[in-house]
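Peer 1: Build me a structure from this.
(one chain, ligands or ions: 1)
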Amino acid sequence: MNLYERDQRALSSMASLRFFPQAAVGGEGAYLIDEHGGRLLDLSASWGAASLGHSHPAVRAAVDRALASQAGASYLSGANIPAIELAERLLSIVPGRAAGRVWLGHSGSDANETVARAVVAATGRPRIIAFQGAYHGGTVGSMAISGHPAQTSVQRAPGLTLIPYPNAYRDGGESHAAAAALRHLEDLLAGPLPPGEVAALFLEAIQSDGGMVVPPPEFFQRVEALCRRHGILIVADEVKVGLGRTGRMHAFQHLGIEPDIVVFGKGLGGGLPVSAVVGPTPIMNYRAAFSFQTVHGNPVCASAAVAVLDTIREQGLVDHAAAVGKHLKNLLADLKKRHSLIGDVRGEGLAIGVELVSDQATKTPAKHQTAKVAYRAFELGLVLYYVGVNSNVLELTPSLPLTHDEATRAVEILDQALRDVTAGRVDDGSVARFAGW
Ligand SMILES: Cc1ncc(COP(=O)(O)O)c(/C=N/[C@@H]2CCCCNC2=O)c1O
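Peer 2: Below you'll find the model as predicted:
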């Protein structure tokens, strides 16, 4: 019995989001190592969490130091230096509006859930605006303020209003998409959605699980102006595309806006579970004992996060992500010329989406072919998953230190996978047992 078969015999499928029989025994840098010693070039970095790559020495050293003399396992009922240092560092990198206090958690889900509760409680305003297609988490409270269609049979918050996220590829180009989405929000605020009852608007600077959708220029500046006019807090969910991934420290910097609250997760921990909410003191100090879980703010995960932030700065990984991301996107743009399956290539830095369609004119989502491309890429030694409201967008979120050569190699493998799928060399049975989204 191989490793994947053992996995299937022991682990619940409730957490499965599987596209192929990936099983790793180790990893280093941008590579995972399988049980046969094969090296898999990892363009996902575990959905963006392994931000520094696998087995980064700075994270290993930080975790070892924290465990060598463990200052407890929580910040709930006692302070510890790594949690303080992490909070201080996060306060130093967020915009002034958000630089109040820091809440530490395990995941993007518990962070967004905490924000959703805190903004309503602290402002007394019962409503929240979020975007159709948004994935803010997998817990009850974070799913309640999400809009992703994969989250079927979940209860959305009663005070939630979902609005369209402008998609230039599918909504008639940048200006038309922006105008339509903005008009939708303005019409709501002028009538059925009383602005004085809205506590906050949650946004992703690039809507990642929704399909790596890059918003039209100025759209969010117009949204920000509306929010400021009505005293609506702006929450930037930077869990997947933040912390340098887009070639800026914060993805919202591409939008030219200044959020009130910033949510971090995934890559913050470099593969260890840690998230953070940074926001104004009146919100963040609304009440004690409001949102906590036992090992929140533990010194081991906090140390890893401090090491991640310091390494991003010391190794210039923000600029590196911008440079390698540009190279990767150029290679993908060339690939698009050779493959009619590729409908759109979009993204910033090392947050890139490759949308696959079965018809360039109608832009029909090529869901089945997307699953086959991901499966075939895995067989050829490349790990990447897919996202999107139609499950047809290959998501590239590699570790930030990815090299130019690794990016080149990745696109060579993706090219072969696309050719094999187009030529019918990947049978339906291969992907049938992987449910994906
Ligand atoms: C913008 C954004 N905000 C919050 C979350 C939730 O983070 P956690 O999965 O760490 O709770 C996520 C998580 N995204 C999912 C995680 C599950 C697998 C599918 N792909 C993701 O990246 C996210 O992308």
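Peer 1: Just give me the longest helix of this structure.
Peer 2: Using DSSP state H, we find that the single longest helix of the chain is helix 317-338.
Peer 1: Over in this structure, which residue gets nearest the ligand? Let me know.
Peer 2: Residue nearest to the ligand within the chain: Gly108 (2.5 Å; CB to the nearest ligand atom). No exception for glycine: its C-beta is placed from N, CA and C like everyone else's.
Peer 1: So what's the residue count around that residue?
Peer 2: Gly108 sits with 29 neighbouring residues when counted by other CB atoms under 10 Å.
Peer 1: That one contacts Ser146, doesn't it?
Peer 2: No. Using CB atoms under 8 Å as the test, Gly108 is too far from Ser146 to be in contact (10.8 Å).
Peer 1: Quick check: neighbours shared by those two?
Peer 2: His136, Gly137 (CB atoms under 8 Å, 6 or more residues apart in numbering).
Peer 1: re the thing from before, distance-wise, check the residue of the chain closest to the ligand relative to Phe264.
Peer 2: If you measure Gly108 against Phe264 using CB to CB, to the nearest Å, the figure is 8 Å.
Peer 1: Please apply the same query to Ser16.
Peer 2: Ser16 is 26 Å from Phe264, by CB to CB.
Peer 1: what about those two, which has more around it?
Peer 2: Higher neighbour count among Ser16 and Phe264: Phe264, with 30 against 12, using other CB under 10 Å.
Peer 1: residues contacting that one?
Peer 2: Leu90, Ala111, Glu238, Val239, Gly242, Leu243, Ser275, Ala276, Val277, Val278.
Peer 1: So the spatially closest residue to it that is not a sequence neighbour, which state does it fall into?
Peer 2: Distances taken as CB to CB, 6 or more residues apart in numbering place Ala276 nearest to Phe264, at 4.4 Å, with adjacent residues excluded. The three-state label given to Ala276 by DSSP: H, G, I helix; E, B strand; the rest coil is strand.
Peer 1: now swap in Ile283 and tell me
Peer 2: Under three-state DSSP, Ile283 comes out as helix.
Peer 1: burial measure for it, as a count.
Peer 2: Counted with other CB under 10 Å, residues neighbouring Ile283 total 23.
Peer 1: so what's it up against?
Peer 2: Ile283 sits next to Gly100, Ala118, Val119, Ala122, Thr123, Leu233, Asp260, Ile261 when contact means CB under 8 Å, 6+ apart.
Peer 1: Now do the same contact list for the second one.
Peer 2: For Ala118, the residues meeting the contact criterion (CB under 8 Å, 6+ apart) are Val277, Gly279, Ile283, Met284, Tyr286, Phe290, Ser291.
Peer 1: Show the buried residues in those.
Peer 2: Val277, Gly279, Ile283, Met284, Tyr286, Ser291 (16 or more other CB atoms under 10 Å).
Peer 1: quick one on the thing from earlier: show me the contacts of Ile283 that map onto helices.
Peer 2: Per DSSP H, the contacts of Ile283 map to helices at Ala118, Val119, Ala122, Thr123.
Peer 1: My guess is the second one contacts Leu201. True?
Peer 2: No. The pair Val119 / Leu201 is not scored as a contact, 9.8 Å apart, by CB under 8 Å.
Peer 1: Please enumerate the shared neighbours of those two.
Peer 2: Residues touching both Val119 and Leu201 (CB under 8 Å, 6+ apart): Ile128, Leu233, Val235.
Peer 1: for the last one, which residues make a bridge with it?
Peer 2: The one in question is Val235. Phe202, Ile261 (DSSP bridges).
Peer 1: how about the helices of the chain, start to end?
Peer 2: 3-10, 45-48, 57-68, 81-93, 108-123, 140-143, 174-189, 219-230, 281-284, 299-314, 317-338, 367-379, 404-422, 428-432.
Peer 1: which strands and helices sit next to the fourth one?
Peer 2: The criterion is 3 or more CB pairs under 8 Å, 6 or more residues apart in numbering; DSSP states H and E, and the helices and strands that helix 81-93 contacts are strand 101-105, strand 275-279, helix 299-314.
Peer 1: Just say which of the ones you listed is most tucked in.
Peer 2: strand 275-279 (a mean of 27; mean count of other CB atoms under 10 Å).
Peer 1: Sheet-wise, list the partners of that one with their directions.
Peer 2: Here, using DSSP bridges, strand 275-279 pairs with strand 101-105 (antiparallel), strand 261-264 (antiparallel).
Peer 1: Make JSON lines out of the ones you listed and add distance to the ligand.
Peer 2: Formatted as JSON lines, the strands paired with strand 275-279 follow (distance: least, CB to the nearest ligand atom, whole Å):
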{"stretch": "strand 101-105", "distance to the ligand": "9"}
{"stretch": "strand 261-264", "distance to the ligand": "7"}
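Peer 1: Could you export these to a markdown table, including columns for mean pLDDT and distance to Arg409?
Peer 2: Below are those laid out as a markdown table (pLDDT from 0 to 100; distance: least, CB to CB, whole Å):
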| stretch | mean pLDDT | distance to Arg409 |
| --- | --- | --- |
| strand 101-105 | 98 | 36 |
| strand 261-264 | 99 | 30 |
